[in-house]
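Visitor: have a look; sequence and predicted model below, questions after that.
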Amino acid sequence: MKGFDRFILVYFVLMILFFCGANLLMSGSEKKLEKNYLIEISRMIHEHEETGEFHTENYESILDIIPCTDENWYLTDSNYAVREIGGKLYRIDYISYESDGNSRKIMNAVIIAVSLSGLIILIWIRRTVLKPFNTIYTLPYSLAKGNLTVPLQENKNRYFGKFLWGLDMLREKLEESKQQKLEQAKAEKLMLLSLSHDIKTPLSAIRLYAKALSSGLYSEREKQIAAADSIQEKTTEIEKYVEKIMSNARKDFLQFDVNIQEFYLSSVMERINAYYGEKFGNLHTEFICEKYGDCMLSGDSERLEEVLQNILENAVKYGDGGAVEISFADEEDCRLITVKNTGCTLSDTELPHIFESFWRGSNADEKQGSGLGLYICRKLMNAMGGEVFAEIQNGCMYVSVVCRRA
């Protein structure tokens, strides 16, 4: 902000210097033109002394030369001077370039208008763009540090009002996610403590029975069998607790909220084509999006875009970079969107696992990833009443998204 204020000050000083310099230059030029006719008269007299003739056409300022022999010789609308040339008097008509001040006034008016316009624009930028931005440029940093509880002050600025509104929504989402994680962590901790306490009882029983058997306390065969059965029963009880822990660990750890509404297929595909058309062009990968008939779909347009993005990113990551194609088909009350990429090296036996969480195929190599992309795609499509499936044909991967029509 201070740097921009200094820039405005420098601009103002430069405009003043330019104004003064332009006026000085114009003053010098006017003085030079005002004296031009005197110089040309002297040159013409000198020429007449040498040649005995007058050549007024050779001079810009001199219009005519007339002998002063007539009694009305002085009647003329032009500026004139009387000179004795060769012993005779002559009236020399000339153009005077004496400034009437209009040119300088016009020049000064233009300079002032341009300078003030520039100054007004700079002040406007300072007040409507830089000053509001100066108050919010630290907000993303504050959010990154976890300062999520204080709502952002509303700003009706046309340039940053929506930005602040979006940041406040992000803050609320982050705060909500933070609270959910805290509640989840608390619930998991309580569950583990509870299960740990419950497991202690059968473990103690097993330990006692095992110690009794090992020390020979049960000499009768029936009691030995009864102790073994009790150990088996307590082991089964512990297995149930372990299964409960594993079941809770397998529960979805991601949020798959969708906003079901009606939207046009083109509203999603236009954004996909705009982004990936440029991206695949930069990667020198052929990108083909088949022509399609627009239709109304039921679901969440932003979530569908997220699904297609995940699939296309996989096509970039695991394909050979040759070609990626999007095609469309209709099936009953659904619209199918299929993404095909060349260079699939995944085996048929691995194909059924690609929608599992944290699963990565043999073609992953050292490529970065978490194994969640297609898992998220299926969860989102299921939440929207759709589906996603994949198949491999002739070394190409086909991933199809099934969207319900409205």
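Guide: Yes, it's here. Numbers count the residues shown, from 1 in each chain.

Visitor: would you map the helices across this protein?
Guide: 2-34, 36-51, 102-125, 131-136, 139-145, 161-215, 221-249, 265-282, 301-318, 373-383 (DSSP state H).

Visitor: check which helices and strands the last one is in contact with.
Guide: Just to be clear, that refers to helix 373-383. helix 301-318, strand 387-393, strand 396-404 (3 or more CB pairs under 8 Å, 6 or more residues apart in numbering; DSSP states H and E). Every C-beta, even on glycine, is put in place using the N, C-alpha and C of the backbone.

Visitor: out of those, nearest to Gly369?
Guide: helix 301-318 (7.1 Å; CB to CB).

Visitor: now that closest one: average pLDDT?
Guide: Averaging pLDDT along helix 301-318 gives 91.

Visitor: report the buried residues of that helix.
Guide: Neighbour counts over helix 301-318 (16 or more other CB atoms under 10 Å) mark 301, 303-305, 307-312, 314-315, 318 as buried.

Visitor: can you redo those as a markdown table with distance to Ala187?
Guide: Converted to a markdown table, the buried residues of helix 301-318 look like this (distance: CB to CB, whole Å):
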| residue | distance to Ala187 |
| --- | --- |
| Ser301 | 33 |
| Arg303 | 26 |
| Leu304 | 32 |
| Glu305 | 32 |
| Val307 | 29 |
| Leu308 | 34 |
| Gln309 | 32 |
| Asn310 | 29 |
| Ile311 | 34 |
| Leu312 | 36 |
| Asn314 | 33 |
| Ala315 | 38 |
| Tyr318 | 37 |
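
Visitor: residues making contact with stretch 212-227?
Guide: The contact list for stretch 212-227 (CB atoms under 8 Å, 6 or more residues apart in numbering) reads 209, 228.

Visitor: I'd like the distance from it to the chain centre, please.
Guide: Centroid separation for stretch 212-227 versus its chain: 76 Å, with CA atoms, centre = their mean, to the nearest Å.

Visitor: between the two ends of that stretch, how far is it?
Guide: 9 Å (CA to CA, to the nearest Å).

Visitor: buried stuff in that stretch?
Guide: Buried residues in stretch 212-227 (16+ other CB under 10 Å): 218, 224, 227.

Visitor: in a markdown table: the helices and strands packed on helix 373-383, plus distance to Ser362.
Guide: Output for the helices and strands packed on helix 373-383, formatted as a markdown table (distance: least, CB to CB, whole Å):
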| stretch | distance to Ser362 |
| --- | --- |
| helix 301-318 | 11 |
| strand 387-393 | 13 |
| strand 396-404 | 14 |
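
Visitor: select, out of those, the one closest to Asp330.
Guide: Here strand 396-404 is closest among the helices and strands packed on helix 373-383 (CB to CB), at 10.6 Å.

Visitor: contact partners of that closest one?
Guide: So strand 396-404 is contacted by 265, 297-299, 304, 307-308, 311, 314-315, 318-319, 331, 333-344, 346, 374, 377, 381, 384-392 (CB under 8 Å, 6+ apart).

Visitor: alpha carbons of that strand, in CSV - could you do that?
Guide: The C-alpha coordinates for strand 396-404 follow below in CSV (Å, rounded to 0.1, in the frame of the first residue of the first chain):
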residue,chain,number,x,y,z
CYS,A,396,-7.5,-49.8,-23.3
MET,A,397,-9.2,-48.9,-20.0
TYR,A,398,-12.9,-48.0,-20.2
VAL,A,399,-14.4,-46.4,-17.1
SER,A,400,-18.2,-45.7,-17.4
VAL,A,401,-20.2,-43.4,-15.2
VAL,A,402,-24.0,-44.1,-15.0
CYS,A,403,-26.0,-41.0,-14.4
ARG,A,404,-29.7,-41.0,-13.7
